[in-house]
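>>> No letters, just coordinates:
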């Protein structure tokens, strides 16, 4: 059986739901069902109906896409406590990326039809949901500006710090994935990481990065 209180805690700290009353969050959590995935198993594919929200309880979920030439790009790595698919609850449009289990995972799932039934009973929540959609749009615009305006070192430092917040100091992530994250090339990412390794900020391994000095990396986080 799903742990409703655990799902409520995850929703409460998610920016999309945080402004909702506690009792409304609890009601949404009661809609959750438990979903388990084996490593490598697909949760959904690009083009699939956007029919549910997910909250990661255990494991990692990789969000990725592919180019017309067949190259694969990782857009995000999600770990325990992360919530995704919020927009799908409202618009039901096809998924814009693939989601697969990077390792065995457990998730809570809230189906769109159940959520819409709840909003029909509680129209007072609709205004707060719209406000959160506006906030999400501003975030997307900020991310686009970051790729265009900020140097690679700042973008990479920010992404590494965000990943360590979710997964700890030792990251199981390739340089190709990091390049896709920050809108750059593997060569540029490798060059910056080797500079940081020489300075003692990180240690590099095969598809692994150990952040040794978070404070000094935080300094690189800020644009000059």
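Yep, that arrived. Note that the structure is predicted; figures quoted are calculated from it, not measured.
>>> C-alpha only now, for contacts and for neighbours.
Fine.
>>> Contacts only, for the residue positioned nearest the centre of the chain.
A centroid search over the chain (Cα atoms, centre = their mean) returns residue 78, at 4.6 Å, as the residue closest to the centre. Residues in contact with residue 78, defined by Cα atoms under 8 Å, 6 or more residues apart in numbering, are 56, 60, 61, 62, 63, 166.
>>> ok, which pair from the residues you listed is furthest apart?
63 and 166 (15.0 Å; Cα to Cα).
>>> neighbour count winner among those two?
The neighbour comparison of residue 63 against residue 166 (other Cα atoms under 10 Å) goes to residue 63, with 23 against 15.
>>> list the helices and strands the strand or helix carrying residue 24 packs on?
Taking DSSP states H and E as the definition, one finds residue 24 inside helix 22-29. Using 3 or more Cα pairs under 8 Å, 6 or more residues apart in numbering; DSSP states H and E, the elements in contact with helix 22-29 are helix 4-12.
>>> re earlier: next one: phi and psi at the residue nearest to the centre of the chain?
phi -120, psi 140 (degrees, to the nearest 10).
>>> and if you look at residue 81?
Dihedral angles (degrees, to the nearest 10) for residue 81: phi 100, psi -20.
>>> Quick check: it vs residue 127, distance?
Counting by Cα to Cα, to the nearest Å, the gap between residue 81 and residue 127 amounts to 25 Å.
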